[in-house]
Each structure stands twice: as C-alpha cells, then as structure tokens.
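Q: just coords:
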C-alpha cells in the first residue's frame, strides 16, 4: 500500500512538475498566464498517437517529432497571437483560453470524442517491494528528473539562462543591459511549450489521450504554481510533489476520492495561500516601473 | 408649464443622447429589446433572449468586480451556482415562491462572496485570480460527493417555473436586467457626485497601496465589491434556475466562469456596456452556431481570437473610439466627425484644425 502510494505519487508529481515548471517559467519571464499551456500538452499526446499508432513510425522518433512540432506551434502562437497584445493582460488571458478551446475542438473534430491509448515505449514491469512497477513509469520518473535537472542547469549556468532569469527579475534593466527582451520571451515560450510537450508525450503512453484532457491538469497546475509561488520554478517543483502525493492519497484513502481529489488539492492551495499569500517560494515582484 | 418641461426634456435628450453616437445606438437597442416580443412570437428566440438577459446581469457583475475594482475573479460561477442551488433547495423542500427564493439565493451568494473575499484580502493580482479559480471547483467536488442532497450529476429538477406566459417571462427577465445593469452602472460611475464608492473602486484598481495611504480602508471596500458582484450574480443564478427548472453542476462549471470573462473582455473590460455588448453578440451567435454543432466551439474560439488580436481593448470600446472623440479640453464626448467640441469649441483634432480659427477660439 505504502509503496504503491509512493510510486504513483512520484509518477504523478513528475508529470505535474514538468507541466508546472513551464507554466511558472513563462509567467515569471513574460508575465503571461498561459491558460492554454496544457492544451499544448494535449496536442503533443495526440501527435504521438498519430505518428506512432496511425502512421506506424518508431515510438521514439514520433515522440521527438511531436515535441518539435508542438514547440514550433507554440512559437507561432506567441508571435502571431500573444506578442501583439501583450500590453493588455486580461486580453492575453482570454486569448489563451480561446486557444485551448480551439485546440480542443480541432482534436474533437479530427479524432472524435473517445479516448485513445498510445502504445508504451517499453513493455513489461519490474517487481519492487511487492508492487509491480511498469517500465513506462520508471521511464517517466527518470525522464522527468533528467529534463528538470537540465532545465536547472540551463537556467543557472548557460548565458541564455542567465538572460532569462535577468528578464524575469527586471525587464527594464535587462533591456538596458543589452538583452533582447522580446527574443528572450520567445525563447522562454519555446522552452515552456517544450516542457509541456514532453509531459504530454509521456502521459499519452502512460494514461490515455482525450479531447478534454487539458482541463483537469490545468487546474492542478494552476494550484501548484500558486502554491509554490508564481514564477518560481523551484516552488513549482515542490508544489508538484505536494499535489501529486495529496492527490494519490485522497484517491486511495477517501471514499468518493476520485470526485474529491481536485477539490482537496485546491483546498490545500487555499490553506497555503492563507498562511503565506505569495506562495512558498514566491518572489514579491517590485511594482513595475512606469 | 408642461410645454416648458417637455422642451427642457428634449434639450437634455438632445445634448445627452443625440449628440453622442454611442448613446443613440444604446437607445435604439433598448427599444429593440423592449419591443422584441411584440414582433417576434417564436418561443425559441424569446428563450435565447431571456438567457441573454440573465447572462448580461452575470457578465456585468463580473465587470464590477474585475473591471472596476481590479479583483479579477476566475470563479465567478461560484455566486451563480450557490444562488442556483439555494433557490432550488428552498423551492423544492420549503415550497417558497420564486419571489422569495431569488433574493434569498442572492443573499446566500453574498455570504459566499464574503467567504471568498476573506482570502482575497490577503492576495493580490494574479494570485487572487488563480486562487478564485478554486472555489467553484471545490464546491463542485462537494456536489458530487453529497449527491443525495444535491442530486449529483443530474442536479435538482422539479423547480417551480416562473409564472405567466413566455412573453411575461421575457419582460420579467428584461426588467430585471435593465434594473440590475442600471444599478451597477450608477454604482460604478466615477463622475457621480452622490455615490463615492465608484471613485474608491477605481482607486483600488489603479493603485491599492496609494489608496490605503489616502486613508481608504481598502479591505472593507474590496469586500463591498465582492458583495455587490455576488448579489447580482446570485440574482442571475436564481432567475436562471427558475427559468430552466433544473439546478445542476453546470451552474458551477469552469466554463461558465470563463464565459463571464470572455463576454466582458470581448466587449471591453471595465465599461459595463462592454459586458452588455459582449453577451448580446456572443450568446445569440452561439445559438446560431448550433446549426453546425461540430464547428461550434471552433468558430467561437476563432472569432474571439481574431477580434481580440485586432481590437485588444474589446469590440465595444473599439467601435466607440471610432464613433466618438473626447474633447481634449473639457473631456466631453463628441461625435468623431465634428471638428470642434460642441460645448467649448476647442479643436478636436490638432493636426486637422485650421490654426487661425483655433487662435480665435482661444482668444474668446
């Protein structure tokens, strides 16, 4: 029982961590609340399904192809739709919701309403302390750790990463230091969408793909990011761990747990906010200069 | 004597309505809504407009909180749903009439608004927006978990319908809409010399710290904004449930909260009329699109994205800016095709104005 909770909790946390860190990154750098973030994750899952199951390509090749295509689409969306209206914050919010609805209806039209299973990357499972853990689950955990570690390396060591963090801290001063803020925002969007695409590819093989699969994770991701502190990648990692385990434990221990898991996850968020209004690792942004 | 009053009334009408193109359109639209059931007997079309009227109240109440006070609420369906379930439960179990259940539902929604307002006191900006997302979803979880009281997924059916024919139901919804919008418009009119809260709401939106430094108890006023907004959203919810006769979890849905935001921002945030325009364009449009159900959401989302890409401040504001021009000197609204202000005579457009004429006016 305990091992089962541990394994499931870690797998779910890993997926949430990938999603939430992208959401936190794009908010922190470009101040965009991208409510269409999980729509990209859905898109990646469906692309994987198309390439691997319908066209019969190699699973790894189709995973990489789907990630690349989704990242390109994310860049296109940013350039065409979000960048021209960035001044109007609420309008950006609305555009991203509309984008998610648009992608949902496209997927509904192209693939129908039923759930689609995608074949796993590896078959088989291993016995761990009396609990069978599939290779796919192990792969998920490993891949998430590798990706998050390389994200951390990228942000803290590379020149571009430092520029991204500088932009997140203070746009104007970063601009004065010769950083091309517009290009940094675009790069961040690409990285964020890439993280969403990676998690989408993993989830498609682990669970199933459906046209409304973006909604539930969106709420949880929002909860995680608020819990951890908006714009803080470290905070969203810790938040993802908390939410993943809360969700797993609610499903296991409570009757009617699957109905209540979202409600309890959100209740946890509200409690944390009541104690610490800027989230666990929240940065209190200086008031934007005029 | 009466002739004098009529002449004065006409004078006011001339200067306050006829001179401003936006208001002329508003008056014509009001007359259109008023006379609609006389010319259109189709029950289905009236039903669409009844729903549109209800959602106007809902969207405008979001605008009061989100647009005017700056407290962006992602969970506005909470008020709607709480009032809907309260009205339905009171009606089914206690047999109260809609005259009582709608206001009682709205009062319970106000209580819910204050309950949400308490965490809102501590949160600001994006945190508030994202945290308010949680409340209706938490309640939805509760609705599913306690399905023997709330009816679970099917909801509560058997609510007493509104009395009278479809036409009188239409007029009830119309009057309720007109009255609620008028009250909310007056409450948020910053030029008003009687009601002070509008200016304070604006101050909180623009700079909360500065407002507090001016001795305004911002917490109290933010709670007041939540209460006003919750009350009218609750009225809409109660009316909706008595018209539809079912209170289901769809009244708490994430999509309903998003709809309020979509309607308001599509029309123009922080303007009241923007929310009204947004609902009357988008809601009937969605009904027309039912003809092609598979394309419905696609077209809807596409229209929103394209319109907002080119009119990021909302369609109503964009049209108003095309039709009207504010006088640079006395801030009075003028028709955009005038060259000089109708009150003070100042040139409206600097580059177009004849400089010698301009100087003459200046000397006067």
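A: Nice, thanks for sending it over. Computed from a predicted model, the values in this text were never measured in an experiment.
Q: so is the closest residue to chain B within the stretch 151-290 of chain A in a helix, a strand, or just coil?
A: Closest residue of the stretch 151-290 of chain A to chain B, CB to the nearest CB: residue A:263 (2.8 Å). C-beta: built from backbone N, CA, C; applies to glycine. Classification of residue A:263 using DSSP: H, G, I helix; E, B strand; the rest coil returns helix.
Q: And it, how far from residue A:60?
A: Look at residue A:263 and residue A:60: by CB to CB, to the nearest Å, they are 38 Å apart.
Q: Could you do residue B:184 as well?
A: 57 Å.
Q: and residue A:32, what does it touch?
A: A:26, A:82, A:86, A:92, A:96, A:189 (CB atoms under 8 Å, 6 or more residues apart in numbering or on different chains).
Q: The residue of the stretch 151-290 of chain A closest to chain B: neighbour count?
A: Look at residue A:263: counted by other CB atoms under 10 Å in any protein chain shown, it has 21 neighbours.
Q: Look up how far residue A:134 lies from it.
A: Applying CB to CB, the value for residue A:263 to residue A:134 is 29 Å.
Q: Then residue A:21?
A: 24 Å.
Q: got the residue ranges for the strands in the chain?
A: In the absence of a named chain, this looks at chain A. Secondary structure of chain A (DSSP state E): strands at A:116-117, A:125-128, A:131-134, A:208-209.
Q: Not quite, go with chain B.
A: Using DSSP E, strands in chain B cover B:156-157, B:246-247, B:324-326, B:333-335.
Q: Among those strands, which comes closest to residue B:83?
A: For residue B:83, the closest of these is strand B:246-247, at 9.4 Å, according to CB to CB.
Q: quick one: that closest one to chain centroid distance?
A: Between the centre of strand B:246-247 and the centre of its chain there are 23 Å (CA atoms, centre = their mean, to the nearest Å).
Q: That one pairs with which strands, and in what direction?
A: When pairing is defined by DSSP bridges, strand B:246-247 lines up against strand B:156-157 (antiparallel).
Q: Now do the partner strand, average pLDDT.
A: The pLDDT scores in strand B:156-157 average 81.
Q: How about stretch B:84-101?
A: Per-residue scores along stretch B:84-101 average to 86.
Q: who touches that stretch?
A: Against stretch B:84-101 from outside (CB under 8 Å, 6+ apart): B:102, B:104-105, B:108-109, B:143, B:149-150, B:156, B:158-160, B:162-163, B:237-238, B:240-242, B:246-247, B:251.
Q: Try it again at 6 Å.
A: B:104-105, B:108, B:156, B:159-160, B:162, B:237-238, B:241-242, B:247, B:251 (CB atoms under 6 Å, 6 or more residues apart in numbering or on different chains).
Q: Kindly present the residues you listed as a markdown table, with separate columns for neighbour count.
A: Converted to a markdown table, these look like this (neighbours: other CB atoms under 10 Å in any protein chain shown):
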| residue | neighbour count |
| --- | --- |
| B:104 | 19 |
| B:105 | 32 |
| B:108 | 22 |
| B:156 | 22 |
| B:159 | 23 |
| B:160 | 16 |
| B:162 | 19 |
| B:237 | 35 |
| B:238 | 34 |
| B:241 | 30 |
| B:242 | 26 |
| B:247 | 31 |
| B:251 | 26 |
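Q: quick one: which of those residues is nearest to residue A:195?
A: Looking across the contacts of stretch B:84-101 and measuring by CB to CB, the closest to residue A:195 is residue B:251, at 35.0 Å.
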